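Engineer: Build me a structure from this.
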Amino acid sequence: MNVFHQLKQLIMKDVSNENEARKTALIIRLFTLILGCYFVFQCIILSVFCNIYVAILGLVCVVLNLMLFGMTYLNHTQLTLFLVQLLTVSWIILYVYTLGWDCGVQHFIFVILILNFVVGQNSNSIKILYAIFLCCLRIGLYTFNKIHISIFTLTATSGAFMQIINTIFIFILMTVIVVISNSESIAMEQKLTTYNEHIRKMALIDPLTNLYNRRAITDKLEKLTSKQHYEHNLLSIALGDIDFFKKVNDTYGHDAGDAVLVFVAEQLLAMIRPYGYVSRWGGEEFLLVFKNSNGDDAYTILNNFRHSLKKMQIPYKDEIIHITMTFGLEEYDDNLGIDKTISNADKKLYKGKENGRNCVEY
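Structural biologist: A predicted model of the protein is given here:
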């Protein structure tokens with residue numbers, strides 16, 4: 001089991017060159033290994049039922065495919081892909097010339113066709129031209145076989161065995177190519193979805209507090225107050241500021257300040273969750289949106305929170321930090337709009353600061 005695990009890790013190893021695709025390298029590795037196994041079976045059949053010299057040709061193909069397998073670890077994936085296709089076309093031609101059309105190896109042309117379209121990096125026009133070439137090659141081999149007699153003639157038994165292993169390995173190769181390509185595409189799509197979600201989160205979430213940022217809360221407010229959503233429903237907006245926050249930074253350091261911001265954000269989020277939204281508006285300021293709440297309701301909630309916060313302890317290293325907050329509260333008026341409502345809440349916040357802080361100015 002350990003040997004198989006190491007072989008799996010070897011096959012699945014990613015390419016070190018960031019410009020190379022792992023999918024291409026993986027498919028090539030499996031393609032060459034599977035063909036190597038194919039030629040081993042072929043050698044056995046041909047050496048027993050046909051001619052030992054033709055069997056030696058299969059051994060050469062085994063060695064060449066193993067060499068191409070090793071090339072995928074040298075950051076030459078596209079060159080290896082070209083050589084794989086060149087080698088495959090070459091031995092197809094050689095086998096049809098040597099054993100005739102009945103050996104059945106010409107069917108591997110379909111495998112190369114799929115390989116070219118799935119992992120090739122050429123343009124679609126080049127791929128189509130290559131497909132036309134493969135079609136002409138197959139027709140040419142058939143025509144050649146009708147005119148010329150093969151060097152060796154397969155017996156009925158050897159021909160039957162060749163057709164069986166050809167069919168089995170062609171289906172294996174086509175399945176492997178399609179399955180890996182599809183799996184990698186799904187994985188890439190999931191990775192892209194996760195990345196896009198991360199980008200979206202970065203655009204809407206404050207990285208320190210994990211609250212909505214200014215842009216996100218503004219979008220929320222615009223939706224809440226848009227004509228299709230806002231039908232004179234109650235809505236209150238508050239701006240809150242941590243009192244003497246600069247003193248926290250000066251006394252304990254900016255890391256302590258960050259710890260205080262995170263703590264306050266968690267408490268605000270827990271408080272506002274049943275009622276609406278909270279965002280980091282900037283610095284130590286937070287904007288709160290109370291849905292379906294008039295000014296009196298929002299005032300009661302904020303005042304209770306203010307009293308609770310004053311009693312809380314914020315542990316930082318060996319210190320205990322105590323803080324208070326001041327809030328400016330304004331009930332939303334459709335005639336004023338969002339900006340004016342926030343501006344009024346901001347004016348009330350500064351009025352609360354002038355009146356001694358640790359209050360809700362409404």
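
Engineer: what's around Ile180, how many residues?
Structural biologist: By other C-beta atoms under 10 Å, 19 other residues sit near Ile180. C-beta: built from backbone N, CA, C; applies to glycine.

Engineer: What score does it have for pLDDT?
Structural biologist: pLDDT recorded at Ile180 is 86.

Engineer: I'd guessed it sits against Ile27; true?
Structural biologist: Yes: assessed by C-beta atoms under 8 Å, Ile180 is found in contact with Ile27 at 5.4 Å.

Engineer: Can you check the pLDDT for Tyr230?
Structural biologist: 53.

Engineer: Likewise for the one 4 residues further on?
Structural biologist: Note on Leu234: pLDDT of 86.

Engineer: Repeat that for the one 3 residues further on.
Structural biologist: With respect to pLDDT, Ile237 scores 96.

Engineer: quick one, phi/psi of it?
Structural biologist: phi -130, psi 130 (degrees, to the nearest 10).

Engineer: Kindly report the same for Asn294.
Structural biologist: Dihedral angles (degrees, to the nearest 10) for Asn294: phi -80, psi 180.

Engineer: I'd guessed it sits against Tyr275; true?
Structural biologist: No: Asn294 is beyond contact range of Tyr275, at 11.7 Å (criterion: C-beta under 8 Å).

Engineer: Of those two, give the one with the bigger neighbour count.
Structural biologist: Tyr275 (17 against 13).

Engineer: Isn't that one up against Thr300?
Structural biologist: No: between Tyr275 and Thr300 there is no contact under C-beta under 8 Å: 11.0 Å.

Engineer: where in the stretch 151-300 of the chain is pLDDT low?
Structural biologist: 184-188, 191, 227-232 (pLDDT under 70).

Engineer: Please, where are all the helices along it?
Structural biologist: Secondary structure of the stretch 151-300 of the chain, counting by DSSP state H, counting those that start in this stretch: helices at 156-204, 214-224, 245-252, 254-272, 295-311.

Engineer: Among those helices, which comes closest to Glu284?
Structural biologist: Of all these, helix 245-252 sits nearest to Glu284, with 4.1 Å by C-beta to C-beta.

Engineer: which residues sit against the closest one?
Structural biologist: Ile242, Ala256, Gly257, Val260, Gly283, Glu284, Tyr316, Glu319, Ile321, Ile323 (C-beta atoms under 8 Å, 6 or more residues apart in numbering).

Engineer: Quickly note the distance from the first one to Ile199.
Structural biologist: As judged by C-beta to C-beta, to the nearest Å, Ile242 and Ile199 stand 30 Å apart.

Engineer: Over to Gly240?
Structural biologist: 29 Å.

Engineer: of those two, who's got more company?
Structural biologist: Gly240 (27 against 10).

Engineer: quick one, what contacts that one?
Structural biologist: Taking C-beta under 8 Å, 6+ apart, one finds Leu268, Glu285, Phe286, Leu287, Leu288, Leu302, Met325, Thr326, Phe327, Gly328, Leu349 in contact with Gly240.

Engineer: Quick check: bridge partners of it?
Structural biologist: Phe286, Phe327 (DSSP bridges).

Engineer: any idea how far it lies from Val360?
Structural biologist: 9 Å.

Engineer: now swap in Ser226 and tell me
Structural biologist: Taking C-beta to C-beta, one finds Ser226 at 28 Å from Val360.

Engineer: more neighbours, those two?
Structural biologist: Each of Ser226 and Val360 has its neighbours counted (other C-beta under 10 Å); Val360 has more, 23 against 9.

Engineer: now the more buried one, which residues is it bridged with?
Structural biologist: Going by DSSP bridges, Val360 forms beta bridges with Phe327.

Engineer: pretty sure it is in contact with Thr300, am I right?
Structural biologist: No: counting by C-beta under 8 Å, Val360 does not reach Thr300; the two are 9.2 Å apart.

Engineer: Give me the contacts around stretch 170-179.
Structural biologist: 27, 30-31, 34-35, 107-108, 110-111, 114-115, 118-119.

Engineer: so how far is that stretch off the chain centroid?
Structural biologist: With C-alpha atoms, centre = their mean, to the nearest Å as the basis, stretch 170-179 stands 25 Å off its chain's centre.

Engineer: Using PDB, write out every CA atom in that stretch.
Structural biologist: Taking C-alpha atoms only, stretch 170-179 is exported to PDB below (Å, rounded to 0.1, in the frame of the first residue of the first chain):
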ATOM      1  CA  ILE A 170      -8.700   3.300 -25.600                       C
ATOM      2  CA  PHE A 171     -11.700   3.400 -23.400                       C
ATOM      3  CA  ILE A 172      -9.500   3.800 -20.300                       C
ATOM      4  CA  LEU A 173      -7.500   6.600 -21.900                       C
ATOM      5  CA  MET A 174     -10.500   8.500 -23.100                       C
ATOM      6  CA  THR A 175     -12.200   8.100 -19.700                       C
ATOM      7  CA  VAL A 176      -9.100   9.300 -17.800                       C
ATOM      8  CA  ILE A 177      -8.700  12.300 -20.000                       C
ATOM      9  CA  VAL A 178     -12.300  13.400 -19.700                       C
ATOM     10  CA  VAL A 179     -12.700  12.600 -16.000                       C
END
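
Engineer: I appreciate the help and will end here.
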